[in-house]
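In: 3D, please:
(2 chains)
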Amino acid sequence: MKSFFNIFISALVPKKLRFEFQLALRHLLSGGWQTILTISAVAAGVIIVIFITSLIFGLQEMMSDLLTESIPHVVVQVEDPKPKTLTNTENPTSSRIEEQASQLKFIDNWEQVVRTIRGLPNVRGVSPVVSGQGFASKGANPVGVSVVGAEPELLDVITPITKDLTSGKYRGLGSDEIVIDAELAKDLNTQVGERIRLTSSSGQSDSFTIAGIYSRGQGRGSAYVTLRNGQSLFGFGTSVNVIYVKVYNIYDVENLSNTIMALTPYEAKPWTIDFSRFLVNMQMMGASAYLISIFSLIASAFAIASVLVVSVLQKSSQIGILKSMGARQRQILTVFIFEGLGVAIMGSSLGAVIGMMIVHFIGLLERPDSTGTGASNAMFPVRILPLYIGLAILAAIITTVIAAVLPARQAAKLNPVDVMR
Amino acid sequence: MKNSETITVDELAVEQNSNGGSPLVVETRGLKKTYFGKIDVPVLHGLDIKIYAHEFVAIIGQSGSGKSTLLNILGALDVPTGGTVLINGTDISTLDEDELATLRSDDVGFIFQSHYLLNEFTCLENALMPVTIRHGEADEEQTDRVLRLLERVGLSDQINKHPDEMSGGQNQRCAIVRSLANSPKIILADEPTGNLDSRSGEEVFSMMREMNRESGVAFVMITHDDRLAQAADRILLIEDGNIFEISKEAHRERVAK
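Out: Below is the predicted model:
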């Protein structure tokens, strides 16, 4: 009667390789602590890779989210005219090139532009906006403030305000209502329900009831009014001066910006231009994760190779007797490669499971809420990334098999007469 | 595998005739072996040996006389430094590594002083090992044949046991069956009873002798046991790197001295 192993081997392994597979399997099963040690070495490598990538890429994602969640990913506006050098080179009057002062420029056909942008891939939200500078006052003390006029439902998708509200509301903002940030409220000594006056840089002035107060903990924020009120304050008529765009993939904004510029006569500025240093830092973090992963896999490969070398020495007389029975070098080589493969598959699977469990439980740890907003504060912003887990398993299998090749070649070349003497 | 050195059918017939019709299995012509090192040690000085099917040949000689070296060369495990070795008509010096492995698998069986059974496998799996190495897996016919051999050597109730669960004599009997698994032409036994007590040693020898008579496979056995040497068909003595065939009478006289 066939044993379980024989049935298993017959079902899975080609007949030509069954001897090699069977011997490798028996070596592993009878290896005891040696097998457990090598599997643990592979598992440790994979655990480190999964943990490091989950932590670093999780941190990267969190930092990117924090930075980009409250800013538009692409800002569409009328391009500032670029100053040109004088063409009359025979009689130059000045060699100095001076930038033109910033001006509010209108996007008159914004409805059409918004429709065009909404139809593009990777676009999550589009909001026409009137943006400018002004003064807020309650009584006699005007305080400088950035004013944003937009439809609350559209803007809330792009630069979320509702989630940062400490009191009041933003969505459903009325025609005489305003949302301000906590610092401005503090400076003006005001609160929800009270009225403040807003005067734009173009001189128009109106008074608003404070509908909500928000806090982002990032210094003074803008004051938000409806689009219509913004247009009135800055004298835009029915025009806007910027269009904010939110995307799904924040690292693929350059393509979208180029497409917008190709389809419209406006400048489309991706967030990455203002945060290029941040991007470099993110890339450095990613590179660190890869380096740590590579070194841990190399370290585990050395551990595996050394254990397999010892295994070959221990089995040298067995290799001799197998050769005396007609085993070829290729067969002996295959036996030890199979052993390495078995260790790799078991170790990387075990490492993946343990690694994911560690990442999961570490992700549950929370630090005390210091903002008072009641928001979730993960102590370690880890993310389980299936792609990196798959890559870690694949890399572990490849490095382990490579580590097994050297002792396997050593085994295959053993002279039976020498080892059985 | 055959080559210019391969003896022809006619030559084989001549060889058969010289030994009562049994074909020549192994032949050496001027076989030499020297171990090269800081000091070169010549071990075998040009041996001419002929081993025929059905024969049971005992090789005797003092320790270090080159008996094991000769056996390893006869089994294509080691290479001579001079002369020719023909196994089943093939000059082994013309074979590459893979062809030598095939030759060892198909034509030669080994029995060593230690049984060298693999502890990871059962008695039956060990006995089938040469078949598994050659074919990947033993078919029903091959398994039945090995099972019959195991029954023949009294191991039918031990087939599922591992070597560490069996006695030394049982393991060596399993090793005998293993050496016969691929139906070789010759079995080379290097002191197969050396590690066994006298009773187990006699049992193992009897079984080898029976297998030799029943299957016709030639046996070449190195032994220090004079009684076992006396029970062989022929006795070859290696002395000072040379080989002599001695009669049983002469052997008895040597022992008596």
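
In: quick one, strands of the chain?
Out: This is for chain A. Taking DSSP state E to define them, one finds strands in chain A at A:74-77, A:123-138, A:141-150, A:165-168, A:177-181, A:195-200, A:205-214, A:223-225, A:242-247, A:267-270.

In: I was thinking of chain B, sorry if that wasn't clear
Out: With DSSP E as the criterion, chain B has strands at B:24-35, B:41-52, B:56-61, B:82-87, B:90-91, B:108-111, B:186-190, B:218-222, B:234-239, B:242-246.

In: quick one, what contacts B:I186?
Out: Residues counted as contacts of B:I186 (C-beta atoms under 8 Å, 6 or more residues apart in numbering or on different chains) are B:V25, B:V26, B:I51, B:L74, B:I87, B:D107, B:V108, B:G109, B:V217, B:A218, B:F219, B:V220. Heads up, the C-betas are built off the backbone N, CA and C, glycines and all.

In: among these, name the buried ones.
Out: B:V25, B:V26, B:I51, B:L74, B:I87, B:D107, B:V108, B:G109, B:V217, B:A218, B:F219, B:V220 (16 or more other C-beta atoms under 10 Å in any protein chain shown).

In: need the residues of the stretch 301-421 of chain A near chain B, please.
Out: A:317-318, A:320-331, A:416-417, A:420 (C-beta under 8 Å from any C-beta of the partner chain).

In: just the buried residues out of those, in PyMOL syntax.
Out: To isolate the buried ones among these in PyMOL, judged by 16+ other C-beta under 10 Å, type:
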select buried, chain A and resi 317+318+320+321+322+323+324+325+326+327+328+329+331+416+417+420
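
In: test my guess that B:S105 contacts A:L322.
Out: No: checked against C-beta atoms under 8 Å, the pair B:S105 and A:L322 is beyond contact range at 10.5 Å.

In: mind listing the shared neighbours of the two?
Out: Residues touching both B:S105 and A:L322 by C-beta under 8 Å, 6+ apart: B:I133.

In: pLDDT for the contacts of B:I186 - can I get that in JSON lines?
Out: Formatted as JSON lines, the contacts of B:I186 follow (pLDDT from 0 to 100):
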{"residue": "B:V25", "pLDDT": "92"}
{"residue": "B:V26", "pLDDT": "94"}
{"residue": "B:I51", "pLDDT": "94"}
{"residue": "B:L74", "pLDDT": "93"}
{"residue": "B:I87", "pLDDT": "92"}
{"residue": "B:D107", "pLDDT": "92"}
{"residue": "B:V108", "pLDDT": "93"}
{"residue": "B:G109", "pLDDT": "93"}
{"residue": "B:V217", "pLDDT": "93"}
{"residue": "B:A218", "pLDDT": "94"}
{"residue": "B:F219", "pLDDT": "94"}
{"residue": "B:V220", "pLDDT": "95"}
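
In: what's the most distant pair in those?
Out: Pairwise distances across these peak at 14.8 Å for B:I87 and B:F219 (criterion: C-beta to C-beta).

In: enumerate the residues of the stretch 51-200 of chain B near chain A.
Out: Contact residues (C-beta under 8 Å from any C-beta) of the stretch 51-200 of chain B with chain A: B:72, B:75, B:77-78, B:97-98, B:101-106, B:110, B:112, B:116, B:118-121, B:129-130, B:132-137, B:178, B:182.

In: filter those residues down to the buried ones, PyMOL style.
Out: Selection of the buried residues among those in PyMOL, burial being defined by 16+ other C-beta under 10 Å:
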select buried, chain B and resi 72+75+77+78+101+102+103+104+105+106+110+112+116+118+120+121+129+130+132+133+134+135+136+137+178+182
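
In: burial count for the nearest residue to A:L279 once chain neighbours are set aside?
Out: Excluding the flanking residues, the one nearest A:L279 by C-beta to C-beta, 6 or more residues apart in numbering or on different chains is A:T272, at 5.7 Å. Here the number of neighbours of A:T272 (other C-beta atoms under 10 Å in any protein chain shown) works out to 17.

In: and the gap between A:T272 and chain B?
Out: From A:T272 across to chain B, the span is 59 Å (C-beta to the nearest C-beta, to the nearest Å).

In: how about that residue, what does it touch?
Out: Contact analysis of A:T272 by C-beta under 8 Å, 6+ apart lists A:Y251, A:V253, A:E254, A:L279.

In: over to A:A408?
Out: Going by C-beta under 8 Å, 6+ apart, A:A408 touches A:L308, A:V312, A:I332, A:L333, A:T334, A:V335, A:F336, A:I337, A:E339, A:G340.

In: try 6 Å this time
Out: A:L333, A:F336, A:I337 (C-beta atoms under 6 Å, 6 or more residues apart in numbering or on different chains).

In: neighbour-wise, which of these leads?
Out: Top of those by neighbour count (other C-beta under 10 Å): A:F336, with 27 neighbours.

In: what about that one, distance to chain B?
Out: 14 Å.

In: for that residue, give me the pLDDT.
Out: With respect to pLDDT, A:F336 has a value of 88.

In: nearest residue to it in space, please, no chain neighbours.
Out: A:A408 (3.4 Å).

In: for A:Q331, same thing?
Out: A:E20 (5.6 Å).

In: do the same with A:I292
Out: A:I52 is the one closest to A:I292 (C-beta to C-beta, 6+ apart), at 4.8 Å.

In: that neighbour: what's it in contact with?
Out: Counted by C-beta under 6 Å, 6+ apart, A:I52 has contacts A:A289, A:I292, A:S293.

In: count of residues packed around the residue nearest to A:V42 when sequence neighbours are not counted?
Out: Of all residues not flanking A:V42 in the chain, A:G347 sits nearest, at 2.5 Å (C-beta to C-beta, 6+ apart). When neighbours are counted by other C-beta under 10 Å, A:G347 registers 27.

In: and the pLDDT for A:G347?
Out: We have a pLDDT of 92 for A:G347.

In: sorry, back to before: can you tell which of the strands of chain A is closest to chain B?
Out: strand A:242-247 (57.2 Å; C-beta to the nearest C-beta).

In: only alpha carbons, please: show that closest one as PDB.
Out: Taking Å, rounded to 0.1, in the frame of the first residue of the first chain, the C-alpha atoms of strand A:242-247 are listed here in PDB:
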ATOM      1  CA  VAL A 242      -9.000  79.100  -9.700                       C
ATOM      2  CA  ILE A 243     -10.200  75.600 -10.100                       C
ATOM      3  CA  TYR A 244      -9.200  73.100  -7.500                       C
ATOM      4  CA  VAL A 245      -8.800  69.400  -8.500                       C
ATOM      5  CA  LYS A 246      -8.500  66.400  -6.200                       C
ATOM      6  CA  VAL A 247      -7.100  63.100  -7.600                       C
END
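
In: dump the strands of chain A into JSON lines; add mean pLDDT, distance to chain B and mean neighbour count as well.
Out: Below are the strands of chain A laid out as JSON lines (pLDDT from 0 to 100; distance: least, C-beta to the nearest C-beta, whole Å; neighbours: other C-beta atoms under 10 Å in any protein chain shown):
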{"stretch": "strand A:74-77", "mean pLDDT": "94", "distance to chain B": "63", "mean neighbour count": "23"}
{"stretch": "strand A:123-138", "mean pLDDT": "93", "distance to chain B": "58", "mean neighbour count": "21"}
{"stretch": "strand A:141-150", "mean pLDDT": "91", "distance to chain B": "74", "mean neighbour count": "20"}
{"stretch": "strand A:165-168", "mean pLDDT": "93", "distance to chain B": "70", "mean neighbour count": "17"}
{"stretch": "strand A:177-181", "mean pLDDT": "95", "distance to chain B": "73", "mean neighbour count": "26"}
{"stretch": "strand A:195-200", "mean pLDDT": "93", "distance to chain B": "85", "mean neighbour count": "19"}
{"stretch": "strand A:205-214", "mean pLDDT": "94", "distance to chain B": "70", "mean neighbour count": "19"}
{"stretch": "strand A:223-225", "mean pLDDT": "95", "distance to chain B": "75", "mean neighbour count": "27"}
{"stretch": "strand A:242-247", "mean pLDDT": "95", "distance to chain B": "57", "mean neighbour count": "25"}
{"stretch": "strand A:267-270", "mean pLDDT": "94", "distance to chain B": "61", "mean neighbour count": "20"}
